[in-house]
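Visitor: here are the coordinates; sequence isn't available:
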C-alpha cells in the first residue's frame, strides 16, 4: 500500500507521534528521557524548527512541531536514529526501537493548536500515571505554567492564541487546562484514516489534497499556492496573513 503524502511548507504545524516497536518501552529511566530531550534541543539548533509542546510517555512520545525549511521527515529521522543508536549501544542490542514510520498530522494551527496542546499535555493523567498534571515532569506542561524553563520550547504562539496580555498568559493557560478530559474534540484516529493526514476542517483539508495532487511530482507543496488557497478558502486578503505572520515573528 502506498504511503500517504507528507506535505511540507515552511511554517507548517504537525502533531508527531513515535511509538515503541511492538508496544515496547522507549524509556527505561530518567536518563533515557533526558537524552531524548537533549537530542531534540540539538536538532532544533541544527534544523531551525520549533517545538510548541511535547510529552514523553513510557512507550510513545508526542510533539507539536512547526517546521522551517527543513522537511519534517529529516528532523524526525535524525532524532529517532540517534536515540535508537544510543539505546542499542547501552543495552548491547540491535534492531528497531520505534514502530515503523512515525505518525504525523498536519495541523491548522489557528483552529486546532490549542486543542492539540490540551491533548498532548493530558496524556499522563488520562493514562492514570498521575492524578495531577503538575506531578509529571516529562512534558511541556510545567513550562507553560512557568514552573520550569525550557529554553528551546516555544510557548508564545500558544499564549498569543489565549490572550494578548503577556502577564495573563499563564493564567489563561491554566484556564484552558481546567476541567479538560481525554475526550478531545480532535478525532486523531479518524484523521489518520483520511486520504490526507491533517487536522483541519474538511474544506481546508480538501484544498490541501488538491494542491498536493498538483504538486505531487515535486514532492512538496508550493508555499505560494498554499497562501493563495488559504486566502480563497477563508475569504481573507493575503496582506492579512503577512500581518499575522509578522506579529508571531515578533512574539517568538
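Guide: Nice, I can see it. Computed from a prediction, not measured in an experiment: that's the story for all the values here.
Visitor: Quick one: low-confidence residue ranges for the chain.
Guide: 1-6, 179-252 (pLDDT under 70).
Visitor: Could you list every helix and strand in contact with the helix or strand residue 160 falls within?
Guide: Using DSSP states H and E, residue 160 maps to helix 156-162. Contact here means 3 or more Cβ pairs under 8 Å, 6 or more residues apart in numbering; DSSP states H and E; on that basis helix 156-162 packs against strand 50-56, helix 109-126, helix 169-177, helix 238-251. No exception for glycine: its C-beta is placed from N, CA and C like everyone else's.
Visitor: repeat that with 7 Å
Guide: If contacts are counted by 3 or more Cβ pairs under 7 Å, 6 or more residues apart in numbering; DSSP states H and E, helix 156-162 sits against helix 109-126, helix 169-177, helix 238-251.
Visitor: Okay, helices next: where are they in the stretch 1-150 of the chain?
Guide: For the stretch 1-150 of the chain, applying DSSP state H, counting those that start in this stretch gives helices covering 30-47, 72-91, 109-126, 141-144.
Visitor: got these as a markdown table, with mean neighbour count and distance to residue 178 columns?
Guide: Listed next are the helices of the stretch 1-150 of the chain as a markdown table, based on neighbours: other Cβ atoms under 10 Å; distance: least, Cβ to Cβ, whole Å:
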| stretch | mean neighbour count | distance to residue 178 |
| --- | --- | --- |
| helix 30-47 | 16 | 27 |
| helix 72-91 | 16 | 32 |
| helix 109-126 | 20 | 11 |
| helix 141-144 | 21 | 13 |
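Visitor: of all those helices, which lies closest to residue 151?
Guide: helix 30-47 (7.9 Å; Cβ to Cβ).
Visitor: What's opposite residue 63 in the beta bridge?
Guide: residue 16, residue 54 (DSSP bridges).
Visitor: Number of residues surrounding it?
Guide: As a burial measure, residue 63 scores 24 neighbours (other Cβ atoms under 10 Å).
Visitor: do residue 7 as well
Guide: Quick note: residue 7 (other Cβ under 10 Å) scores 23 neighbours.
Visitor: Then residue 28?
Guide: Counted with other Cβ under 10 Å, residue 28 comes out at 12.
Visitor: and the gap between it and residue 85?
Guide: Using Cβ to Cβ, to the nearest Å, residue 28 is found at 16 Å from residue 85.
Visitor: Kindly report the same for residue 98.
Guide: Counting by Cβ to Cβ, the gap from residue 98 to residue 85 is 12 Å.
Visitor: Without its sequence neighbours, what residue ends up closest to residue 109?
Guide: residue 13 (4.4 Å; Cβ to Cβ, 6 or more residues apart in numbering).
Visitor: doesn't residue 106 make contact with residue 7?
Guide: Yes. Residue 7 is within contact range of residue 106, at 5.7 Å (criterion: Cβ atoms under 7 Å).
Visitor: out of the helices of the stretch 1-150 of the chain, which comes closest to residue 21?
Guide: helix 72-91 (9.4 Å).
Visitor: what comes into contact with that closest one?
Guide: Residues from elsewhere that reach helix 72-91 (Cβ atoms under 7 Å, 6 or more residues apart in numbering): 6, 8, 14, 16, 18, 35-36, 39-40, 43, 47, 49, 65, 67, 94, 97-98, 102, 104.
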